[in-house]
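K.L.:
Provided below are the primary sequence and the corresponding predicted coordinates.
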Protein chains: 2
Amino acid sequence: MSKEITNRSEDYSAWYTDIVKKAGLADHSAVRGCMVIKPYGFGIWEKIRDQLDFMFKETGHVNAYFPLFIPKSFLSKEAEHVEGFAKECAVVTHHRLMNDPNGNGVVVDPTSKLEEELIVRPTSETIIWNTYKDWISSYRDLPLLINQWANVVRWEMRTRLFLRTAEFLWQEGHTAHATKDEAVSETRLILDLYAEFAEEYMAMPVIKGVKTPNERFAGAIDTYTIEALMQDGKALQAGTSHFLGQNFAKAFNVTFLDENQKRDFVWATSWGVSTRLMGGLIMTHSDDSGFVVPPKLASLHVIIIPIPKPDEAIDEVALKIIAALKAKGIIAKYDTDRKKRPGFKFAEYELKGIPVRLGIGKRDLEKNQIEVARRDTKEKYSQAIDGIEDHIEQLLVDIQDNLFNRAKKFRDDRISKADTIEEFKEILDTKAGFVLAHWDGTTESEVKIKELTKATIRCIPIDNEQEDGKCILTGKPSTQRVLFARSY
Amino acid sequence: MSKEITNRSEDYSAWYTDIVKKAGLADHSAVRGCMVIKPYGFGIWEKIRDQLDFMFKETGHVNAYFPLFIPKSFLSKEAEHVEGFAKECAVVTHHRLMNDPNGNGVVVDPTSKLEEELIVRPTSETIIWNTYKDWISSYRDLPLLINQWANVVRWEMRTRLFLRTAEFLWQEGHTAHATKDEAVSETRLILDLYAEFAEEYMAMPVIKGVKTPNERFAGAIDTYTIEALMQDGKALQAGTSHFLGQNFAKAFNVTFLDENQKRDFVWATSWGVSTRLMGGLIMTHSDDSGFVVPPKLASLHVIIIPIPKPDEAIDEVALKIIAALKAKGIIAKYDTDRKKRPGFKFAEYELKGIPVRLGIGKRDLEKNQIEVARRDTKEKYSQAIDGIEDHIEQLLVDIQDNLFNRAKKFRDDRISKADTIEEFKEILDTKAGFVLAHWDGTTESEVKIKELTKATIRCIPIDNEQEDGKCILTGKPSTQRVLFARSY
């Protein structure tokens, strides 16, 4: 397989797919719309998962596991939920195969038809609230702060690796509270947690906001979101946190006795991020040479390459550096493959996005120095071997910061204001990015703007500036600009 | 819900279910045969998973993720595999629901029928070897040492929480090698790893061995197993490691060029343990007061209870102890709930199996001592507060050892020898446990013995003693005894 990747400017979509496949992150599978997450990509997902899991637990959440299948009838219990969700999904109708009477492998045994079809979970609110009914009876059982790491299936027609696949991995939090205030606070706590994770670990700047009614999760009172900007100027919804009110509690009859022996329905939230984050990570930092991984999510921080090939003196220095780095929690590897030339290895690790490359040559060694190359800026320089571990420790911090600052500048440069629909379209067609514009607050106008421009309201930013203006579509009065973009 | 649990001697099966449900480990769900793993149970599964994952990575394995669905036609590609597996499974036939024209919720959209049905993976050999075909072309791509943590579904007719559920969680390793020897070594390496984990972490003694052809995994050349003994004298297969030869490579045409440019089929292994281990853990150590968790898998090691209720002096001592234990990596909690009496709390934590309980009362404090109670032996004694953290650190080691030694003695006392079929039946019906007996090596006799006694050959132990004898069924000559038991 050629390691050449398409240039972004030539074909952005091909560039993305090239990076995902050629850096060894994921691949298409034999099953329509389902991907295989390859070891290198899965190692990065494990870092994402472990850090988020740590943050969930630090804020008092625990993990549990609920069934993969949902009885079909559950989906229609919450009226709005079924409208928004229950359509494109994998339906299990039978539970047995049998040998084909004509001798062609196996066929479905028609006598094994299920009485009620089972749906492979597209999300788990219904099965979980049906369970919570048995777990909650008093205020003492609350709050219930549960998260689940799981696979879910939504039968998407147009799929893209990581960004939109029929099966994906995610976490879904489902919490139950005694009061509305507490549930709203939980929704916001998780929104902040997601934003902190995106910015501090993924080095991906995000805008926090609330969705319009039209873009809300099916069954939610309010959906909060973090929105990131990709290099093609399109927005990516990177995580959502929903305040569900008492909708699911009412649908599944989950009540509790409060401290005054008064019975009330329970208040709910749900929230999730998925392997889609991998797509956001790739499209935020990568370049025409390949993937770029922020040090905090790298499974390998430093690659050491002997130039032109390993020998005893070089081996000794390399192993010393690896040990010194390991003591600092930095993972380094020494590539001793004699069959590949240094130039080939350089390209290989660049493609994989390893943050730092060290080259050790004979002449360098004589001067007690080695070559340091950073992946983010591609800068190269000589550095004294003495104290190299401290230098690299700081360099990794610098790379993490630089990736965030670079992405933030890119994003900030692409937040525009538009006051007319023509200006709005002009910006989207040329500079792209986020556009702040006045909107009259109706779903009708929102839908019409989407039809005309393919842009949607990504969110109403938190603490949004209040400003009188006129809707770019209808000219009706508006009190604030909202954040539009074309999106994934 | 009553916390009373059935006595083992009264109804072993009810005792088991009581512990699983009342200790908060798992529960039945609304979906036939699928369980909900509750937070306390899931926390222990996380410990199991994390330790195994660490051991897999230490031995060079990496994680990846493959699709949940398997195209129906894949299952029939390996002839023996389909015979052994493909029958009872969840079959996805449609990909869309629609509103019921009669207004009754949702129904399956008949126009969304899939061209080829998808099977929810009962195990992933087929989809993985279909993928490996694209990943392997040269000896340089080998070995491929990949593991996956996933959910799988087998449509079991009779289910029991953790032990046999339609959906369960597991890990499945799938490795590819250039030589037969290397693949056999991998199979044995994993067998040893599983045994080490079972004995060192679960404190569950196991017998390592190889399965008879009749009990082999469908498609394997050899299946290795670890077999444990439960308190009712039944065996539990706790983990298996399969040498697959070139069967799957041939079925999916996975070949490689060796160093001499010769093309050959790849050699394979697969291996797995599942949430069934939770069942083994419960049935190895628990007693009539509830669950007993070995310290190495406990999510909470020490519970501190104020007697009769918290006050300033007791709080101070408790918090100091928690901090001192934390510094040693021991997790302790202080239960300050004023609404529950100490006796109620004692029973509660006993039911949950927390290894050590500390009681702090006023009179004890005056003497600078506290009460220590260990869960495994239920022994109670006073201990000086000074240096309590060192005492507990050692106590947890002792409890872990005691649990293993106790279980090993129980198991060893229940390994019997039988020389006739009558003696064989007599042992199974009275003492139960493992029975070593001669067998003529034929599947016919094996099946007949099972019909007569409900006992199966659990394995031919590794390094089995060679001894001339006569098959207990047919009287035909035999060179070794094999390990029989009734089993889960």
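P.N.:
The structure has been received and is ready for your questions.

K.L.:
pLDDT at the residue of the stretch 251-400 of chain A found nearest chain B, what is it?
P.N.:
Nearest to chain B in the stretch 251-400 of chain A, going by CB to the nearest CB, is A:Lys339, at a distance of 8.1 Å. Yep, even glycine has a C-beta here, placed from its N, CA and C like the rest. As predicted, A:Lys339 sits at a pLDDT of 89.

K.L.:
quick one, phi/psi of it?
P.N.:
Here is the backbone geometry of A:Lys339 (degrees, to the nearest 10): phi -90, psi -10.

K.L.:
do you know how far it is from A:Ile305?
P.N.:
14 Å (CB to CB, to the nearest Å).

K.L.:
Between the two, point out the one with more neighbours.
P.N.:
Set side by side, A:Lys339 and A:Ile305 show more neighbours around A:Ile305, with 28 against 7, by other CB atoms under 10 Å in any protein chain shown.

K.L.:
Mind listing the residues bridging to the more buried one?
P.N.:
As for beta bridges, A:Ile305 partners with A:Gly359 under DSSP bridges.

K.L.:
residues in contact with it?
P.N.:
Contacts for A:Ile305 were tallied using CB atoms under 8 Å, 6 or more residues apart in numbering or on different chains; they are A:Asp335, A:Pro342, A:Lys345, A:Phe346, A:Tyr349, A:Arg357, A:Leu358, A:Gly359, A:Ile360.

K.L.:
how about the first one, what does it touch?
P.N.:
A:Asp335 makes contacts with A:Ile303, A:Ile304, A:Ile305, A:Pro306, A:Lys345, A:Tyr349, as judged by CB under 8 Å, 6+ apart.

K.L.:
Emit the PyMOL select command for whichever of the residues you listed are buried.
P.N.:
Burial among the contacts of A:Asp335 is assessed by 16 or more other CB atoms under 10 Å in any protein chain shown; the matching PyMOL selection reads:
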select buried, chain A and resi 303+304+305+306+345+349
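
K.L.:
Can you say which two of the contacts of A:Asp335 are spatially most distant?
P.N.:
Across these, no pair lies farther apart than A:Pro306 and A:Tyr349, at 13.4 Å, counting by CB to CB.

K.L.:
burial count for A:Gly329?
P.N.:
Burial measure for A:Gly329: 8 neighbouring residues, criterion other CB under 10 Å.

K.L.:
Also A:Met35?
P.N.:
26.

K.L.:
Repeat that for A:Lys250.
P.N.:
Using other CB under 10 Å, A:Lys250 has 15 other residues around it.

K.L.:
One more: the one 5 residues further on?
P.N.:
Residues lying near A:Thr255 (other CB under 10 Å) number 15.

K.L.:
What of A:Pro355?
P.N.:
27.

K.L.:
What strand or helix carries A:Asp181?
P.N.:
Assigned by DSSP states H and E, A:Asp181 belongs to helix A:180-200.

K.L.:
And that helix, what does it pack against?
P.N.:
Secondary-structure packing of helix A:180-200 (3 or more CB pairs under 8 Å, 6 or more residues apart in numbering or on different chains; DSSP states H and E): helix A:39-58, strand A:167-177, strand A:207-210, strand A:222-229, strand A:235-245, strand A:267-274.

K.L.:
So for chain B, which of those sits nearest?
P.N.:
Closest among the helices and strands packed on helix A:180-200, using CB to the nearest CB: helix A:39-58, at 4.1 Å.

K.L.:
Pull out the CA atoms of that closest one and give them to me as PDB.
P.N.:
Taking Å, rounded to 0.1, in the frame of the first residue of the first chain, the C-alpha atoms of helix A:39-58 are listed here in PDB:
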ATOM      1  CA  PRO A  39      -4.300  -1.200  17.000                       C
ATOM      2  CA  TYR A  40      -2.700   2.200  16.600                       C
ATOM      3  CA  GLY A  41      -6.000   4.000  16.400                       C
ATOM      4  CA  PHE A  42      -7.400   2.000  19.200                       C
ATOM      5  CA  GLY A  43      -4.400   2.900  21.400                       C
ATOM      6  CA  ILE A  44      -5.300   6.500  21.000                       C
ATOM      7  CA  TRP A  45      -9.000   5.800  21.700                       C
ATOM      8  CA  GLU A  46      -7.900   4.000  24.900                       C
ATOM      9  CA  LYS A  47      -6.100   7.200  26.000                       C
ATOM     10  CA  ILE A  48      -9.200   9.200  25.300                       C
ATOM     11  CA  ARG A  49     -11.400   6.700  27.200                       C
ATOM     12  CA  ASP A  50      -9.100   6.300  30.200                       C
ATOM     13  CA  GLN A  51      -8.800  10.100  30.700                       C
ATOM     14  CA  LEU A  52     -12.600  10.700  30.400                       C
ATOM     15  CA  ASP A  53     -13.300   7.700  32.600                       C
ATOM     16  CA  PHE A  54     -10.900   9.200  35.200                       C
ATOM     17  CA  MET A  55     -12.700  12.500  35.000                       C
ATOM     18  CA  PHE A  56     -16.100  10.900  35.300                       C
ATOM     19  CA  LYS A  57     -15.100   9.000  38.400                       C
ATOM     20  CA  GLU A  58     -13.500  12.100  39.900                       C
END
